[in-house]
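> here's a sequence, model it:
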Amino acid sequence: MAPRRSGLLLTVSVVAWPCNFLGLGPGLGLEARAPERGIRGGCGRTALAGQGRSTVDFIRERLPGTAFVASMAAVSRRVASLHFFGGAFSPLLYATLTGLLLGNTVLAKSNSLTREVRPMLKPGVAFAKARLLRLGIILYGFNVSVQQILTMGPGSFCSALAMVFSTLAVGVMAGEVLRVDRSVALLVATGASICGVSAVMAAAPVVEKEGASGSKVSVALATVMVFGITSMFLYPIMWPILPGPLSAKAMGIYTGATVYEVAGVVAAGHAMSPGVASAALLTKLVRVLLLAPYLFIVSRLAEGGSTSIQTPWFAFAFFGVCVMSSYLPLPPELAAKATEVGSWCTALAMVGLGLESDAGAIKQMGWRPMLLASVLFLYLVCGGFLAVSGILRLLPV
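Alright, predicted model coming up:
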């Protein structure tokens with residue numbers, strides 16, 4: 001009996017580590033525990049049976065809400081894939097808008113017809129918004145190739161590095177001047193600094209100990225949508241009239257270092273030339289790869305340097321996946337499936353975020369966050385051009 005019990009405990013411990021890492025352990029009853037003294041036969045079976053019931057209860061509570069956000073995510077992804085939209089906008093924006101629309105109309109707290117439905121959906125919605133979000137961010141690492149980034153010259157890398165952290169600094173300082181809520185300022189700056197929607201969602205659990213509220217995140221996402229779309233159309237118009245003139249590669253580096261969304265970088269780059277698109281995407285991937293150290297810095301800024309802030313371990317897991325997918329001989333099918341699962345997890349999280357966002361609370365935040373986003377947009381366009389041009393004069397690309 002002893003070897004069998006030891007093997008079972010080892011299996012539970014191995015499964016518990018990733019579950020606890022993602023915050024799933026307590027709900028699934030998979031916390032790794034040392035064997036208790038004096039437990040024999042029937043008592044051990046009773047403990048395992050209780051653990052099984054805990055898992056069943058966990059699933060039963062979260063299944064309705066998770067299934068609902070999954071169905072809404074499927075609709076959002078389908079809308080985003082329609083030819084009319086051209087794939088220029090992230091499916092995550094559609095997922096957020098879908099949740100926001102439903103959460104403030106059909107499933108609004110003031111709607112007496114669905115008052116009993118909201119409590120039933122709440123555990124699954126919270127699970128999607130928190131746990132599935134972290135898993136989605138980790139699996140997003142399969143989209144980043146370290147080898148591709150290493151082929152870039154120091155000018156490209158330094159341009160991306162400079163814009164990421166200088167934009168964060170400008171966002172924090174401008175937020176203080178404009179008296180914008182610190183969490184909102186960090187989220188808006190994160191959307192401008194890294195990769196738009198995905199970065200905002202990754203920063204949401206970091207900027208506040210209990211996670212940023214849906215309303216604060218929705219404000220940041222609104223700025224990403226407005227200025228991300230604007231930059232996507234603006235850069236192709238700007239290229240012929242910019243002083244220089246900029247070569248295709250230099251324009252690509254400028255685009256990749258300053259445009260919000262990956263989808264926007266691809267769309268703007270291809271609207272100019274294949275050379276611009278290639279350089280822009282590689283530069284954008286450098287910004288994405290900086291997500292882990294960026295979130296670590298944001299976690300410190302969020303609490304004014306407090307040592308009690310939780311370290312965003314999922315961000316370092318994201319970096320680990322980037323390295324693993326780049327250097328280990330993984331089957332391409334595995335990476336493709338992991339990327340697909342990650343995109344679904346993030347889409348579910350976005351629907352959940354929208355469902356828990358209060359349009360009234362967003363309106364109460366006023367004009368200051370949008371003014372902050374406007375300052376950051378001008379910095380990216382004007383300051384980014386000056387910074388990238390100066391760096392490329394000093395360093396090879």
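> on the pLDDT front, check T46 for me.
Note for T46: predicted pLDDT of 48.
> what about the helices in the stretch 101-250 of the chain?
For the stretch 101-250 of the chain, applying DSSP state H, counting those that start in this stretch gives helices covering 117-127, 133-139, 146-150, 154-178, 182-193, 197-207, 214-238, 248-258.
> mind putting these into a markdown table with mean pLDDT and distance to V323?
Heads up, the C-betas are built off the backbone N, CA and C, glycines and all. Putting the helices of the stretch 101-250 of the chain into a markdown table (pLDDT from 0 to 100; distance: least, Cβ to Cβ, whole Å) gives the following:
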| stretch | mean pLDDT | distance to V323 |
| --- | --- | --- |
| helix 117-127 | 87 | 29 |
| helix 133-139 | 83 | 13 |
| helix 146-150 | 79 | 6 |
| helix 154-178 | 95 | 17 |
| helix 182-193 | 93 | 22 |
| helix 197-207 | 84 | 18 |
| helix 214-238 | 85 | 27 |
| helix 248-258 | 95 | 21 |
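> quick one: closest of these to S76.
With distances scored as Cβ to Cβ, the stretch of those nearest to S76 is helix 197-207 (12.2 Å).
> which other helices and strands does that closest one contact?
Contacts defined by 3 or more Cβ pairs under 8 Å, 6 or more residues apart in numbering; DSSP states H and E place helix 197-207 against helix 91-103, helix 133-139, helix 182-193, helix 214-238, helix 291-302, helix 313-327, helix 332-355.
> the second one - contacts with which helices or strands?
Contacts of helix 133-139 with other secondary structure elements, assessed using 3+ Cβ pairs under 8 Å, 6+ apart, are made with helix 197-207, helix 313-327, helix 332-355.
> okay, the ones you listed in JSON lines with distance to L295 next?
Listed next are the helices and strands packed on helix 133-139 as JSON lines, based on distance: least, Cβ to Cβ, whole Å:
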{"stretch": "helix 197-207", "distance to L295": "5"}
{"stretch": "helix 313-327", "distance to L295": "4"}
{"stretch": "helix 332-355", "distance to L295": "15"}
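> V276 is nearest to which of those helices?
helix 197-207 (22.5 Å).
> in the closest one, what's buried?
197-207 (16 or more other Cβ atoms under 10 Å).
> just send these back as a markdown table, with distance to S326 too.
Formatted as a markdown table, these follow (distance: Cβ to Cβ, whole Å):
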| residue | distance to S326 |
| --- | --- |
| V197 | 24 |
| S198 | 19 |
| A199 | 20 |
| V200 | 25 |
| M201 | 23 |
| A202 | 20 |
| A203 | 24 |
| A204 | 27 |
| P205 | 26 |
| V206 | 25 |
| V207 | 29 |
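> the residue nearest to G269 when sequence neighbours are not counted sits in which helix or strand?
In this structure, G269 finds its nearest non-sequential neighbour in A277, 3.2 Å apart by Cβ to Cβ, 6 or more residues apart in numbering. For A277, the host element (DSSP states H and E) is helix 274-289.
> re earlier: of the helices and strands packed on helix 133-139, give the one that comes closest to I138.
helix 313-327 (4.7 Å).
> now do the closest one and helix 274-289, the angle between them.
Going by axes from the mean of the first three to the mean of the last three Cα atoms, to 10 degrees, helix 313-327 is angled at 130 degrees with respect to helix 274-289.
> and helix 313-327, C-alpha only, in CSV?
Extracted C-alpha coordinates of helix 313-327, given in CSV (Å, rounded to 0.1, in the frame of the first residue of the first chain):
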residue,chain,number,x,y,z
TRP,A,313,5.3,35.2,-12.0
PHE,A,314,3.0,34.6,-15.0
ALA,A,315,5.0,37.2,-16.9
PHE,A,316,8.2,35.3,-16.3
ALA,A,317,6.5,32.1,-17.4
PHE,A,318,5.6,34.0,-20.6
PHE,A,319,9.3,34.7,-21.1
GLY,A,320,10.2,31.1,-20.4
VAL,A,321,7.7,29.9,-23.0
CYS,A,322,9.3,32.3,-25.5
VAL,A,323,12.7,30.8,-24.9
MET,A,324,11.4,27.2,-24.8
SER,A,325,9.5,27.6,-28.1
SER,A,326,12.5,29.2,-29.7
TYR,A,327,15.2,26.7,-28.8
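> give me the below-cutoff pLDDT ranges for the chain.
1-53, 83-90, 113, 209-213, 303-312, 358-362, 364-365 (pLDDT under 70).
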